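> Quick check, what structure comes out for this input:
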Amino acid sequence: MSTKILNRYTGATLLTVDAESLSNANLTDTNLRGADLSNADLRWTNLTGANLINANLINANLINANLINTNLINANLTGADLIGANLSKADLRWTNLSKADLRWTNLTGANLICANLSKADLGGANLSKADLRLTNLTGANLTGANLICANLSNANLRGANLSKADLRWTKLTGANLTGANLTDTNLICANLSKADLRWTNLSGANLTGANLTDTNLTGTIKD
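From the prediction side, this is the model:
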């Protein structure tokens, strides 16, 4: 199926997809539920409002793709390349994004409840106001990420790299940050109540106004 033909299917249901011809396609509001798009070339593709529930996007190339308001519930994006993609307000609940490349991705206001982002690269990503409750971020790279006003309650950030990340007014209640790297992190007014920060590196971190009620700081490295 050529890109030209796909552009005529805006808002349609596609039962069969030629995954090699989707770059730059317009798939706005298209129903791709359960579609096999593994290894697909989706660079610059417009998937605004598309239905990708349960879709297979393993190792897909989604560089600079537009996924605003896209439904990706329970989709598999393991190892996918999403550098520079726009996922603002996307629904990513229970989505598998393990080892995905999400550098400089826009995830503003995205719903990532219970998503798997273990070992994902989120360097420089914008996650402001994102809902990351119960999300698995073990070993993830969040260097320089924007997490202002994000909700990371009960998230697993064990061994994650959050150096120079912006976590102002971020909710981290009950989060597991064991062994995480928080050097030079901005935690002004962050809520870390009941969080586990054992053996966390807080060198250079700004904790002005942060809530540390019942926070476990055993073995924490500080200035």
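> All the helices of the chain, residue numbers only.
Assigned by DSSP state H, the helices in the chain fall at 3-6.
> So, low pLDDT: which residues of it?
Scanning the chain for pLDDT under 70 picks out 1-20.
> 90 instead, please
1-22, 222-223 (pLDDT under 90).
> how about Gly34, what does it touch?
Counting by C-beta atoms under 8 Å, 6 or more residues apart in numbering, Gly34 makes contact with Ile53, Asn54, Ala55, Asn56. The C-beta positions use only the backbone N, C-alpha and C, and glycine is treated the same way.
> most neighbours, which of the residues you listed?
Neighbour counts for those, by other C-beta atoms under 10 Å, peak at Ala55, which reaches 26 neighbours.
> what's near enough to touch that one?
So Ala55 contacts Leu32, Arg33, Gly34, Ala35, Asp36, Leu37, Leu72, Ala75, Asn76 (C-beta under 8 Å, 6+ apart).
> Of these, which is the nearest to Trp104?
Nearest to Trp104 among the contacts of Ala55 is Leu72, at 18.6 Å by C-beta to C-beta.
> any idea how far that closest one is from Asn46?
Applying C-beta to C-beta, to the nearest Å, the value for Leu72 to Asn46 is 15 Å.
> More neighbours: which of those two?
When Leu72 and Asn46 are compared for neighbours, Leu72 comes out ahead with 29 against 21, by other C-beta under 10 Å.
> wait, isn't that one in contact with Gly49?
No - contact criterion C-beta atoms under 8 Å: Leu72 and Gly49 do not qualify, at 11.6 Å.
> Which neighbours do these two have in common?
With C-beta under 8 Å, 6+ apart, Leu72 and Gly49 have no common neighbours.
> Which residue is the nearest non-sequential neighbour of Asn76?
Sequence neighbours aside, Asn96 is the residue nearest to Asn76 in space, at 4.7 Å (criterion: C-beta to C-beta, 6 or more residues apart in numbering).
> ok, now which ones touch that neighbour?
Ala75, Asn76, Leu77, Thr78, Ala115, Asn116.
> Can you tell me which of the residues you listed is nearest Asn206?
Asn206 lies nearest to Ala115 out of the contacts of Asn96, by C-beta to C-beta, at 27.6 Å.
> I'd assumed Asp91 was in contact with that closest one.
No - counting by C-beta under 8 Å, Ala115 does not reach Asp91; the two are 10.2 Å apart.
> Between these two, tell me which one has more neighbours.
More neighbours surround Ala115 than the other of Ala115 and Asp91, with 30 against 21 (other C-beta under 10 Å).
> Now for the more buried one: which residues touch it?
Neighbours of Ala115 in contact, by C-beta under 8 Å, 6+ apart: Leu92, Arg93, Trp94, Thr95, Asn96, Leu97, Leu132, Thr135, Asn136.
> Would you write a PyMOL line that selects the buried entries of these?
The PyMOL selection below is limited to those of these classed as buried (16 or more other C-beta atoms under 10 Å):
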select buried, resi 92+93+94+95+96+97+132+135+136
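> Narrow the contacts of Ala115 to those in strands?
Among the contacts of Ala115, no member falls in strands (DSSP state E).
> which ones are touching Trp169?
The contact partners of Trp169, taken as C-beta under 8 Å, 6+ apart, are Ile148, Cys149, Ile188, Cys189, Ala190.
> of the residues you listed, buried ones?
Buried members of those, scored by 16+ other C-beta under 10 Å, are Ile148, Cys149, Ile188, Cys189, Ala190.
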